[in-house]
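In: let's see this in three dimensions:
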Amino acid sequence: MRSVSFYKPSPTVQPVSITGSACELDCPHCRGKYLKGMRAAITPEEVIEAFLQAREQGAKAVLISGGFTRGGSLPVRGLLAAIREGKRLTGLAVQVHSGITDEAGAMELGAAGIDAVLLDVIGDDVTIRKMGGGWSVGDYARTIRLLRETVPVVAPHVLIGAGGSVEGEYRAIDLIASAGVEAAAMLTLMDGGLPIEEVSAVMGYARRKIDAHLSLGCMRERGRLRPVLEKLAIDYGYDGIANPSGATVEYARSQGIASVTVSGCCVFSPERTPRSTTNRGGARRGGSRGTSV
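Out: So this is what the prediction gives:
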């Protein structure tokens, strides 16, 4: 029987910005506003304190994020010792929005005990320039390859319409599909603006191409199209949806689809808690998709 996982990230996963509200980029869809909703922890002491408070508040994982450099990287390397210590003290899982990294950076992330890397993949160099970035699409393939050697779970994300229109999303999906990753997520602009037909086409293409645990992530349309996107994810056979509406839960039930509610990040299948992600890989589709991450 087919099943879908419905994810509730909060308060299980607590986001932390290691740059506060600062970011060197000027992405049209963000301009730093999403960083303001995260706890700021800029110094090593603040990072460790963020771990301790997250545990006190019942969290199972900490998401390390923040503003990126113009090279497309999260400036996390100077805080990895503090992150490793925070994990040691609390036992919490650690997820990182790493951005682009090199071989040394990937090795340091692995040595710090990072459980999962969430990597936003952009498939168009012009879009990258619009964001003020100085990296290229080719850097993603290298980053994914390096991270898969050092981090248990690498989960690329694709933001549909990152540059204001659909430009490189299909190329990003192809890149992810060829990388053999454990999980992936599709996102949409929270303020909407794209024709639903274009978004639907990208979502369907992602399901056909990506042979891994595929979710509709928590960053997506907040308006009237939100339940439409969720229904599309159900119809296309996505494995998970973050923060689904009640109508979506009912729709899955009406289609005879079993569901399970998971407290945590949508890149983990329900069979794997964040603390169990030290085992690499897992079954690809053709076995049980639910155990793919």
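
In: so is the residue nearest to the spatial centre of the chain in a helix, a strand, or just coil?
Out: The centroid of the chain falls nearest to Leu118 when counting by CA atoms, centre = their mean (4.2 Å). Three-state call for Leu118 (DSSP: H, G, I helix; E, B strand; the rest coil): strand.

In: okay, the residue of the chain most remote from its centre: pLDDT?
Out: Within the chain, Ser254 marks the point farthest from the mean C-alpha position, 28.7 Å out by CA atoms, centre = their mean. Looking at Ser254, its pLDDT reads 96.

In: quick one: it from Ile64, how far?
Out: Separation of Ser254 from Ile64 (CB to CB, to the nearest Å) stands at 39 Å. Just so you know, the C-beta spots here come from the backbone N, C-alpha and C atoms, and that holds for glycine as well.

In: repeat that for Leu189.
Out: 24 Å.

In: neighbour count winner among those two?
Out: Neighbour totals were compared for Leu189 and Ile64, and Ile64 leads with 29 against 20 (other CB atoms under 10 Å).

In: please, which helix or strand holds the more buried one?
Out: Counting by DSSP states H and E, the element that carries Ile64 is strand 61-65.

In: quick check: angle from that strand to strand 116-120?
Out: Here the directions of strand 61-65 and strand 116-120 differ by 40 degrees (axes from the mean of the first three to the mean of the last three CA atoms, to 10 degrees).

In: who touches strand 61-65?
Out: Residues from elsewhere that reach strand 61-65, judged by CB atoms under 8 Å, 6 or more residues apart in numbering: 12-18, 35, 38, 50-51, 54, 74, 76, 79, 83, 86, 92-97, 115, 118, 264-265, 274.

In: what does the following helix or strand past that strand contact?
Out: Once the chain leaves strand 61-65, the next helix or strand it forms, by DSSP H and E, is helix 80-90. Applying CB under 8 Å, 6+ apart, the contact partners of helix 80-90 are 44-45, 47-48, 50-52, 54-55, 62, 64, 76, 92-94, 108-109, 111-114.

In: equivalent analysis for stretch 95-106, please.
Out: By CB under 8 Å, 6+ apart, the surrounding residues in contact with stretch 95-106 are 13, 61-66, 68-69, 71-74, 76-77, 109, 114-120, 135, 139-140, 143, 146-147, 149-151, 265, 267, 274.

In: what's the straight distance from one end of that stretch to the other?
Out: Counting by CA to CA, to the nearest Å, you get 14 Å between the two ends of stretch 95-106.

In: buried set for that stretch?
Out: Residues of stretch 95-106 classed as buried: Gln95, Val96, His97, Ser98, Gly99, Ile100, Thr101, Gly105, Ala106 (neighbour count, 16 or more other CB atoms under 10 Å).

In: and the average pLDDT for it is what?
Out: Mean pLDDT, computed over stretch 95-106, is 97.

In: now do it: distance to the chain's middle.
Out: Put simply, stretch 95-106 sits 14 Å off its chain's centre (CA atoms, centre = their mean, to the nearest Å).

In: surely Glu230 and Asn243 touch.
Out: No. Applying CB atoms under 8 Å as the test, Glu230 and Asn243 come out as separate, 9.3 Å apart.

In: those two - which one has more neighbours?
Out: More neighbours surround Glu230 than the other of Glu230 and Asn243, with 25 against 17 (other CB under 10 Å).

In: distance check, the more buried one against Val137.
Out: 29 Å.

In: which parts of the stretch 151-293 of the chain are helices?
Out: Along the stretch 151-293 of the chain, the segments classed as helices by DSSP state H, counting those that start in this stretch run 169-179, 196-209, 226-236, 246-254.

In: which one of those helices lies closest to Ala22?
Out: When the helices of the stretch 151-293 of the chain are compared by CB to CB, helix 169-179 sits nearest Ala22, at 26.2 Å.

In: that closest one - contacts with which helices or strands?
Out: On a contact count with 3 or more CB pairs under 8 Å, 6 or more residues apart in numbering; DSSP states H and E, helix 169-179 meets helix 138-148, strand 153-160, helix 196-209.

In: mind running it again at 10 Å?
Out: The contact analysis (3 or more CB pairs under 10 Å, 6 or more residues apart in numbering; DSSP states H and E) places helix 169-179 against helix 125-130, helix 138-148, strand 153-160, strand 183-188, helix 196-209.

In: noted, bye for now.
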